[in-house]
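> Mind looking at a prediction? Sequence and model below.
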Amino acid sequence: EDKVVQSPLSLVVHEGDTVTLNCSYEVTNFRSLLWYKQEKKAPTFLFMLTSSGIEKKSGRLSSILDKKELFSILNITATQTGDSAIYLCAVYTGTASKLTFGTGTRLQVTL
Amino acid sequence: NAGVTQTPKFRVLKTGQSMTLLCAQDMNHEYMYWYRQDPGMGLRLIHYSVGEGTTAKGEVPDGYNVSRLKKQNFLLGLESAAPSQTSVYFCASSPGGAAQETQYFGPGTRLLVL
């Protein structure tokens, strides 16, 4: 059975802090790993990673994949209150054309 | 371009009642998905479709049926609702082919079964 585990489950930081969110996986027929941000409603796409060691970056957010150790991290630098959300990690397996999601990390950024 | 829309936004049902949730996308996407999201469980795939007229079971299909009669619509049916089906339901779509991984989500339907 495919499994995606995220840690921590939740964390509270002060504005300006840097945070690292973790995602590990055990799946068959790995194809890609995706990060989503979920505020009040629909998850919105952040990154898709397919190759080890290549950092994807968007503003203050960055992510990297390690296919040997089967994990990914999402970094957020200089956090802002608008970064408060649930961050979801998902792995796409080509076998069944579907995403397997982790339970998410709930991030709260306080003033 | 509305993206992915879901109807209704919120619904209360009594145990044993039936209902249909409608998902529509205007991006000409091949693939469509239905998920449920429960506290501490993440998003779990109920059913999905890789093209018009096709459907397949996901992780948690029991108690649900789906239909994809038109490419742009994906319907999720509950024939006899149970309290365990209280959840937030999300529909998603993706282009298929080389871009099939990137799924675009609708705003969700909150369902309460009493």
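Right, received. Where do you want to start? Numbering: from 1, shown residues only, chains lettered A, B, ... in the order given.
> From B:Gln100, how far out is B:Tyr33?
11 Å (CB to CB, to the nearest Å). To be clear about C-beta, it is placed using only N, CA and C from the backbone, and glycine gets the same treatment.
> With neighbour numbers in mind, choose between the two.
B:Tyr33 (25 against 20; other CB atoms under 10 Å in any protein chain shown).
> Name the residues of stretch B:76-94 that come out as buried.
Across stretch B:76-94, burial judged by 16 or more other CB atoms under 10 Å in any protein chain shown covers B:76, B:78, B:81, B:85-94.
> got these as a markdown table, with pLDDT columns?
Listed next are those as a markdown table, based on pLDDT from 0 to 100:
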| residue | pLDDT |
| --- | --- |
| B:Leu76 | 98 |
| B:Leu78 | 96 |
| B:Ala81 | 95 |
| B:Gln85 | 97 |
| B:Thr86 | 97 |
| B:Ser87 | 96 |
| B:Val88 | 96 |
| B:Tyr89 | 97 |
| B:Phe90 | 97 |
| B:Cys91 | 97 |
| B:Ala92 | 95 |
| B:Ser93 | 95 |
| B:Ser94 | 92 |
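> So the host helix or strand of A:Val109, near chain B or not?
Per DSSP states H and E, A:Val109 falls inside strand A:105-110. No: Strand A:105-110 stays clear of chain B (CB under 8 Å from any CB of the partner chain), getting no nearer than 10.5 Å.
> buried sites along that strand?
A:Thr105, A:Leu107, A:Val109.
> Chain B against chain A: which residues are in contact?
B:4, B:31, B:33, B:35, B:40-45, B:48, B:50, B:56, B:58, B:90, B:100-108.
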